[in-house]
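Visitor: Turn this into a model:
(one chain, ligands or ions: 1)
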Amino acid sequence: MSTAASVDTPATQDDRDLALYAERIDRPPQLKTAEFSREGRLRHVIFGGQYSVDVLEDLAGTADKIRLLSKSRDGQDFLLRLLAHKRAMLYFTQPSTRTFLSFMAACQILGVTCNEVRDPTTSSETKGETRFDSIRMFSSYFDLVIMRSPVARLAEACAYLMNDLERSGNRSVPIINAGSGADEHPTQALLDIYTLQRTFQFVSPKDSPAATKLDKLRDEYPDLNTGLAGKTYGFCGDIGRGRTVRSLASLLSLYEGVSLVFVAPDHPTLRMGDDLRQRLDRRGVRYVEVESLESPINGVPAIETLDALYMTRIQKEHNAAADDAEFAAIDFANFKLTAELARRMKRYAPILHPFPRDQHFGEIPPEIDNDPRAMYFRQARNGMWVRAALLAHVFNVDHRVARCYHEHYGDWLAGGQA
Ligand code: NCD
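Guide: Prediction:
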């Protein structure tokens, strides 16, 4: 995405802030990844394209171990000591329930002490302090900054600031992007992938309605396999402004043979943006864009072709003046999941949603919540485990989690129960 930061005469304070880093921000993602890593592990977590399939597998493995260790008092005590010497700043200047709380809970699982700034009017930004001075101050007191901002690319700029500080021999801490404008939400994509990984293992009945019945399911779906590769993923709703969609679609494109189906109104604000389209084209991913969950794809209604469905809400709080009038002409019924549509989905296909869902719009009515394929509450809890795994990875203690896990569960694992 080209940024407002690259224009010649920046207009707003946001633009002026980002202009300092515009050249670095405007580079293609593959040129940036190395700057956000240290010794083969993630240092700053800024965009979805940073994860490789190996890192995703690794993080999922650590998350599984942390969730199992958390079941026993001994395991909990071990985890609590792991990062008890670290402090995190949660700098969230945009509304958040799940991302904020699950990061806080993840910190608490590993013994990290948290502090928060959620309202910039309570900080010195009201006295004219720049965001970069604020972040640098946070890095003086804390060992990690987890940040959500309405400003696209601000987290990325903060990562460059930290790298520059490190180079000049100053204190520097990791930055984790917990949502940056309409741009990226890399840790949401992590929990979405983790949920899909668990679902498509077909092992635990809580993660997967088809658990342990894979052989039986193959009578009906002969091509069904474990894993994320080769499957068809549907995204429905506000694709244009959905940062979770952008990050997850990029991650799914890492898996062999996936197909993506985008179901959104044909309106420039709501349909897929050019940058995501180009990213998918570059990676040679198969995708189609349709205007209803009923639209035919090779003669079959879209809803019946999906192996997983990712619903999103229409983010009307970001509507521009012209949008309200133009949206009035759109039939939004095409972007709501109904019980009848859910009945026509594949029997194993998980229904995901980053949440919050919009009770007034009703993209997923509560009557679907008891469907065993409804994964959205589980998905939110998975966020806590996988964010804990990410912290363990960034602070290089994941090998200690693995060792403790094998000490606790070694016999059980040796008995083939893994
Ligand atoms: C989303 C977000 O903030 O991007 N929610 C989340 O983090 N779980 C999606 C949204 O606000 O619709």
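
Visitor: so where is the stretch 301-418 of the chain shaky, pLDDT-wise?
Guide: 412-418 (pLDDT under 70).

Visitor: Would you mind naming what in the chain lies close to the ligand?
Guide: Neighbours of the ligand within the chain, by C-beta under 6 Å from any ligand atom: 98-99, 179, 185, 188, 243-244, 313, 315, 354-355. Heads up, the C-betas are built off the backbone N, CA and C, glycines and all.

Visitor: Would you mind putting those into JSON lines with neighbour count alongside?
Guide: Below are those laid out as JSON lines (neighbours: other C-beta atoms under 10 Å):
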{"residue": "Arg98", "neighbour count": "17"}
{"residue": "Thr99", "neighbour count": "25"}
{"residue": "Gly179", "neighbour count": "26"}
{"residue": "His185", "neighbour count": "27"}
{"residue": "Gln188", "neighbour count": "25"}
{"residue": "Arg243", "neighbour count": "22"}
{"residue": "Thr244", "neighbour count": "24"}
{"residue": "Arg313", "neighbour count": "21"}
{"residue": "Gln315", "neighbour count": "17"}
{"residue": "Pro354", "neighbour count": "27"}
{"residue": "Phe355", "neighbour count": "19"}
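
Visitor: In helices only, show me the residues you listed.
Guide: Among these, the members falling in helices (DSSP state H) are 98-99, 188, 243-244.

Visitor: now for the residues you listed, which pair is the farthest apart?
Guide: Using C-beta to C-beta, these span at most 14.0 Å, a distance reached by Arg98 and Arg243.

Visitor: what about the strands in the stretch 201-350 of the chain?
Guide: With DSSP state E, counting those that start in this stretch, the ranges of strands along the stretch 201-350 of the chain come out as 232-236, 259-263, 286-290, 296-297, 300-301, 308-311.

Visitor: CSV please, covering these and showing distance to Leu82.
Guide: Shown next, in CSV, are the strands of the stretch 201-350 of the chain (distance: least, C-beta to C-beta, whole Å):
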stretch, distance to Leu82
strand 232-236, 34
strand 259-263, 37
strand 286-290, 41
strand 296-297, 47
strand 300-301, 49
strand 308-311, 32
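
Visitor: how does the protein divide into domains?
Guide: If you go by automatic domain parsing, the domain ranges for the chain are 13-184+384-404, 186-380.

Visitor: Of these, give the one that comes closest to Asp411.
Guide: domain 13-184+384-404 (13.9 Å).

Visitor: ok and the residue in the chain nearest the ligand?
Guide: Pro354 (4.0 Å; C-beta to the nearest ligand atom).

Visitor: what sits against that residue?
Guide: Residues near Pro354 by C-beta atoms under 8 Å, 6 or more residues apart in numbering: 185, 188, 192, 242, 244, 310, 312, 379.

Visitor: ok, back up a step: let's have the domains of the chain in a markdown table, adding distance to Asp411.
Guide: Listed next are those as a markdown table, based on distance: least, C-beta to C-beta, whole Å:
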| stretch | distance to Asp411 |
| --- | --- |
| domain 13-184+384-404 | 14 |
| domain 186-380 | 20 |
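
Visitor: Quick check, pLDDT for the residue nearest in space to the middle of the chain.
Guide: In the chain, the residue lying closest to the centroid (C-alpha atoms, centre = their mean) is Gln188, at 1.8 Å. pLDDT recorded at Gln188 is 98.

Visitor: Next up, the contacts around it.
Guide: By C-beta under 8 Å, 6+ apart, the neighbours of Gln188 are 99, 179, 243-244, 247-248, 354, 383.

Visitor: again, but for Leu306
Guide: Counting by C-beta under 8 Å, 6+ apart, Leu306 makes contact with 232-234, 261, 345-346, 349.

Visitor: What is the neighbour count of Thr187?
Guide: Thr187: 25 surrounding residues under other C-beta atoms under 10 Å.

Visitor: what sits against it?
Guide: For Thr187, counting by C-beta under 8 Å, 6+ apart, the contacting residues are 45, 99, 103, 176-178, 383, 386-387, 390.

Visitor: Surely Arg387 is in a strand?
Guide: No: applying DSSP: H, G, I helix; E, B strand; the rest coil, one finds Arg387 to be helix, outside a strand.

Visitor: ok, now which ones touch it?
Guide: 102-103, 106, 187, 190-191.

Visitor: Any figure for the gap between Phe200 and Ser208?
Guide: 7 Å (C-beta to C-beta, to the nearest Å).

Visitor: Ser123 too?
Guide: For Ser123, the distance to Ser208 - C-beta to C-beta - is 44 Å.

Visitor: now do Glu294
Guide: On the measure of C-beta to C-beta, Glu294 and Ser208 end up 26 Å apart.

Visitor: These two: who's more crowded?
Guide: Between Glu294 and Ser208, counting by other C-beta under 10 Å, Ser208 is the more crowded of the two (22 against 14).

Visitor: which non-adjacent residue is nearest the more buried one?
Guide: With sequence-adjacent residues excluded and distances taken as C-beta to C-beta, 6 or more residues apart in numbering, Ser208 is closest to Thr199, at 4.6 Å.

Visitor: The nearest residue to Cys236 once chain neighbours are set aside: what's it in contact with?
Guide: Distances taken as C-beta to C-beta, 6+ apart put Val263 closest to Cys236, at 4.1 Å, once the chain neighbours are dropped. Shown in contact with Val263 (C-beta under 8 Å, 6+ apart): 234-237, 239, 290-293, 295, 302, 334-335.

Visitor: And stretch 262-273, what's buried?
Guide: Residues 262-265, 269-273 are the ones in stretch 262-273 that count as buried (16 or more other C-beta atoms under 10 Å).

Visitor: tell me the average confidence for stretch 145-159?
Guide: 96.

Visitor: mind listing the helices for the stretch 101-250 of the chain?
Guide: 131-141, 154-167, 186-199, 214-220, 243-252 (DSSP state H, counting those that start in this stretch).
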